[in-house]
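J.: Got a predicted structure plus its sequence, pasted below:
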Amino acid sequence: GAGVSQSPRYKVAKRGQDVALRCDPISGHVSLFWYQQALGQGPEFLTYFQNEAQLDKSGLPSDRFFAERPEGSVSTLKIQRTQQEDSAVYLCASSRSSRDKNIQYFGAGTRLSVL
Amino acid sequence: ILNVEQSPQSLHVQEGDSTNFTCSFPSSNFYALHWYRWETAKSPEALFVMTLNGDEKKKGRISATLNTKEGYSYLYIKGSQPEDSATYLCALSGGKLIFGQGTELSVKP
C-alpha cells in the first residue's frame, strides 16, 4: 500500500512569503504528526491531530504556523510571513493511533529554504 | 523537559566492521523507545519499538537492547555494509516522539 506522501519535496520561498505544505497520510490512520528538523538536529514535534481534532499544538514555534486536517485525512501546515529561521525539513507522520507502542510512519519530508 | 542524547554524532567505518551507538534518556516516566533509520532523500524507516526493560530486538544484522532502569539503549550493526550508511535516530514516545540528534553512519567500501 501507499506510504505517507508529502508535497512539495522542495520549496524555496522569499522572506515574507506564505507557504503551504501538504501531507497525505496512510489511509485509515487516525493520528497525524508534524515535525520540524533543523540542520544538524533531530526532528522536533510541532503538532498532533487525532482525526480532524488538533489535540496538541504546543510545538508550533509562533503564531505564524498553522496546521489543519479538516476531514481527518490530508493535513496542511501553513507558515505565514516566512523567516530565514523557518528553513528546515518538515516531516509528517501517521499512525493507527496515538498509543506509545504504535509505529509512526514518516513521509520523505518537505525541505523549505527561506531566502 | 525530556532530553534524549545520542552518541557519537557521526561515525566512519570500513565495510565489514561492526559498530554500535548509544541513546540515553531520563529513566523516569518511560513509555517506549523507537529506533529509526533515515537515508538521505528518503523517509525515516522504523527499525524497532521497545517497551520492556531488558528487551532485545533483531532485524537482520541490526539489533538493539534496552535498559529502562539506567536510561539507555544500544543499537548494534554487525558487519557494516555501504547500504547501512544513514542517520540513526532514537526517540522516546509519549504520544509524540522526542528525538535525539541522531548518529550519522558512513560505511566505506
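T.: Ah, there it is.
J.: how far away is the residue most central in space within chain A from chain B?
T.: The residue lying closest to the centre of chain A (CA atoms, centre = their mean) is A:Trp34, at 3.3 Å. As judged by CB to the nearest CB, to the nearest Å, A:Trp34 and chain B stand 10 Å apart. Just so you know, the C-beta spots here come from the backbone N, C-alpha and C atoms, and that holds for glycine as well.
J.: Now do the helix or strand in which that residue is found: which elements does it pack against?
T.: A:Trp34 belongs to strand A:31-37 when assigned by DSSP states H and E. Here strand A:31-37 touches strand A:44-50, strand A:75-79, strand A:88-95, strand B:96-99, going by 3 or more CB pairs under 8 Å, 6 or more residues apart in numbering or on different chains; DSSP states H and E.
J.: Pull up the residues of chain B that are close to chain A.
T.: Proximity of chain B to chain A, by CB under 8 Å from any CB of the partner chain, involves residues B:4, B:6, B:31-32, B:34, B:36, B:41-46, B:49, B:51, B:89, B:91, B:93-102.
J.: Right, and chain B sits closest to which residue of chain A?
T.: A:Gly42 (3.4 Å; CB to the nearest CB).
J.: Next up, the contacts around B:Thr103.
T.: The contact partners of B:Thr103, by CB atoms under 8 Å, 6 or more residues apart in numbering or on different chains, come to B:Gln6, B:Ser7, B:Pro8, B:Gln9, B:Ser10, B:Leu11, B:Phe21, B:Thr87, B:Tyr88.
J.: Is it bridged to anything, and to what?
T.: Per DSSP bridges, the residues bridged to B:Thr103 are B:Tyr88.
J.: What parts of chain A come near chain B?
T.: Counting by CB under 8 Å from any CB, chain A sits next to chain B at A:3-4, A:33, A:35, A:40-45, A:48, A:56, A:59, A:91, A:93, A:98, A:100-109.
J.: ok, the residue nearest to the centre of chain A touching A:Val89?
T.: No - applying CB atoms under 8 Å, one finds A:Trp34 not in contact with A:Val89, separated by 11.4 Å.
J.: Show the pLDDT at the nearest residue to A:Val74 once chain neighbours are set aside.
T.: Spatial nearest neighbour of A:Val74, chain neighbours left out: A:Asp24 (5.4 Å); criterion: CB to CB, 6 or more residues apart in numbering or on different chains. You'll see A:Asp24 listed with a pLDDT of 98.
J.: list the contacts for A:Asp24?
T.: Residues near A:Asp24 by CB under 8 Å, 6+ apart: A:Val4, A:Ser5, A:Gln6, A:Ser7, A:Ser73, A:Val74.
J.: how far away is it from A:Phe65?
T.: In this view, A:Asp24 and A:Phe65 are 20 Å apart by CB to CB, to the nearest Å.
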